[in-house]
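Student: sharing a model that was predicted from the sequence below.
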Amino acid sequence: MSIEGFANQFVCDLVAYEPGKPIEETARELGLDPADIVKLASNENPLGPSPLAKTAMREALEVAHIYPDGGAWKLRKAIAEKYGVGMENVVPGNGSNEIIELLCHCFLKPGAALIAAEHAFVVYKLMATLFGADYIEVPDPDFVHDLDAMADAITPETRLVFIANPNNPTGTLVGQDEIDRFMDRLPDHVIAVFDEAYHEFLTDAPDTVKFVKEGRNVVVMRTFSKAQGLAALRIGFGLASSPIAALLHKARQPFNANAIAQAGALAAMADDDHVRKTVANNNEGLALFHEEFGKRNLRYVTSVANFVLVEVGDGDRVFSEMLKSGVIVRAMRGYKLPGWVRISVGTPAENRRCLEVLDKVLAD
Ligand SMILES: *Cc1c(COP(=O)(O)O)cnc(C)c1O
């Protein structure tokens with residue numbers, strides 16, 4: 001018998017996550033200079049990391065021989081103060097992706113179910129599969145989460161409902177009224193998880209932290225990977241009511257958030273200037289993409305995040321042809337959107353280069 005026969009079947013069945021194509025790999029394969037490659041494939045911050053975070057991380061390197069503070073005391077304290085919750089409500093994660101996994105550890109097993117929208121962030125499905133749970137996909141007309149339909153889909157087996165807000169890869173947002181109505185219908189055996197990775201880019205963000213303060217069955221996920229520009233560090237957090245947070249703390253590894261990341265995240269929290277510049281650059285880039293896609297009669301989904309989903313005919317072809325010209329975007333076949341690509345907002349120069357290369361590829 002092959003070794004797979006002895007492995008956990010859920011793992012064998014898994015289709016692995018496909019990340020944005022790395023710059024170094026692209027350069028190697030195509031014989032290009034990494035400096036000439038533009039990556040608009042992973043919703044990263046085109047302005048780089050927070051400068052305050054860089055300074056703090058250099059200092060933290062000097063004591064890299066010491067294990068991190070496993071309780072992430074300083075970072076959790078700063079987060080608790082910022083959001084007006086208790087320190088016990090703050091759970092650090094190795095990226096906010098780890099919070100998804102911790103939730104699954106705590107609440108999923110074969111027979112249990114996780115609900116998400118049809119075009120939701122793909123990691124929810126991967127995690128449900130990994131834990132042998134049922135993954136329930138609810139249609140999202142016009143690429144917007146339908147929270148009423150998601151509440152209708154709840155059964156006695158449901159444990160987790162994931163609401164990415166704004167969602168990736170669609171860039172759409174559900175508003176406060178829909179959220180409040182959904183929360184009114186949430187039964188006691190279900191946890192609502194608001195994945196708010198792009199929160200900083202919003203001008204009119206719904207308030208979900210209030211549910212944590214009210215002690216509801218809610219987890220709010222945030223990350224330092226996007227607006228703060230710390231994607232390589234792998235640091236994010238969940239805000240959860242105390243009983244849920246206590247379970248998540250039990251499920252995590254003692255040193256899941258490393259010391260360099262903790263130092264960087266703490267400093268980035270004070271770097272309002274970097275976030276302001278990032279958001280201003282993003283607003284400009286979003287407006288440009290929306291306008292330019294419109295001029296070309298390309299169908300796109302109006303986004304409030306830092307990327308745009310656009311229909312280009314054959315997403316795989318456009319991805320690989322653009323790649324040859326040194327512009328990396330993301331094909332969307334994995335999201336059952338084979339005709340679309342997702343393009344992250346870059347610097348003004350990167351956005352222009354992306355549009356030029358896209359035009360060239362679409363003209364072929
Ligand atoms: C980028 C992203 C995250 C962030 O993941 P990290 O693990 O914190 O880097 C989480 N959720 C969604 C929907 C995202 O797009």
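Tutor: Done, it's in. Numbers count the residues shown, from 1 in each chain.
Student: so what's Pro166 up against?
Tutor: Under the criterion of C-beta atoms under 8 Å, 6 or more residues apart in numbering, the contact list for Pro166 reads Thr172, Leu173, Tyr198, Phe201, Leu202, Ser303, Val304, Ala305. Just so you know, the C-beta spots here come from the backbone N, C-alpha and C atoms, and that holds for glycine as well.
Student: let me see the contact set for the spatially closest residue to the fifth one that is not a sequence neighbour.
Tutor: Excluding the flanking residues, the one nearest Leu202 by C-beta to C-beta, 6 or more residues apart in numbering is Val304, at 6.0 Å. Contact partners of Val304, counting by C-beta under 8 Å, 6+ apart, are Pro166, Gly171, Thr172, Leu173, Tyr198, Phe201, Leu202, Leu286.
Student: coming back round to it: and the contacts of Pro166, which two are furthest apart?
Tutor: Thr172 and Phe201 (12.7 Å; C-beta to C-beta).
Student: count of residues packed around Phe255?
Tutor: A total of 14 residues lie near Phe255 under the criterion other C-beta atoms under 10 Å.
Student: that one touches Tyr67, doesn't it?
Tutor: Yes: at 6.0 Å, Phe255 counts as touching Tyr67 under the criterion of C-beta atoms under 8 Å.
Student: put the alpha carbons of the least confident helix or strand in the chain by mean pLDDT into CSV.
Tutor: Least confident helix or strand, the chain: helix 9-12 with a mean of 90, by mean pLDDT, DSSP states H and E. C-alpha atoms of helix 9-12 as CSV (Å, rounded to 0.1, in the frame of the first residue of the first chain):
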residue,chain,number,x,y,z
GLN,A,9,-7.9,11.0,3.7
PHE,A,10,-8.9,14.6,4.1
VAL,A,11,-5.4,15.7,3.4
CYS,A,12,-5.0,13.4,0.4
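Student: so what secondary structure elements neighbour it?
Tutor: Contacts defined by 3 or more C-beta pairs under 8 Å, 6 or more residues apart in numbering; DSSP states H and E place helix 9-12 against helix 123-130.
Student: do you know the pLDDT at the residue in the chain that the ligand sits nearest to?
Tutor: Residue nearest to the ligand within the chain: Gly95 (2.5 Å; C-beta to the nearest ligand atom). Note on Gly95: pLDDT of 97.
Student: same question, Ala205
Tutor: pLDDT for Ala205: 97.
Student: relative to Asp271, how far out is it?
Tutor: Ala205 sits 19 Å away from Asp271, going by C-beta to C-beta, to the nearest Å.
Student: okay, those two: which has more neighbours?
Tutor: Each of Ala205 and Asp271 has its neighbours counted (other C-beta under 10 Å); Asp271 has more, 21 against 17.
Student: these two touch, right, the more buried one and Ala53?
Tutor: Yes: with contact defined as C-beta under 8 Å, Asp271 counts as touching Ala53 (6.7 Å).
Student: quick check: neighbours shared by those two?
Tutor: By C-beta under 8 Å, 6+ apart, the residues touching both Asp271 and Ala53 are Gln228.
Student: what about the helices in the chain?
Tutor: 9-12, 23-30, 51-61, 73-83, 96-107, 123-130, 147-152, 176-184, 209-213, 242-251, 259-269, 272-295, 315-324, 348-363 (DSSP state H).
Student: what are the phi and psi angles of the residue nearest to Leu202?
Tutor: Per-residue torsions, Val304: phi -110, psi 10 (degrees, to the nearest 10).
Student: got any ranges where this structure has weak pLDDT?
Tutor: Nowhere does the chain drop to pLDDT under 70.
Student: does the residue of the chain closest to the ligand touch Thr223 like I think?
Tutor: Yes: Gly95 lies in contact with Thr223 (C-beta under 8 Å); the separation is 6.5 Å.
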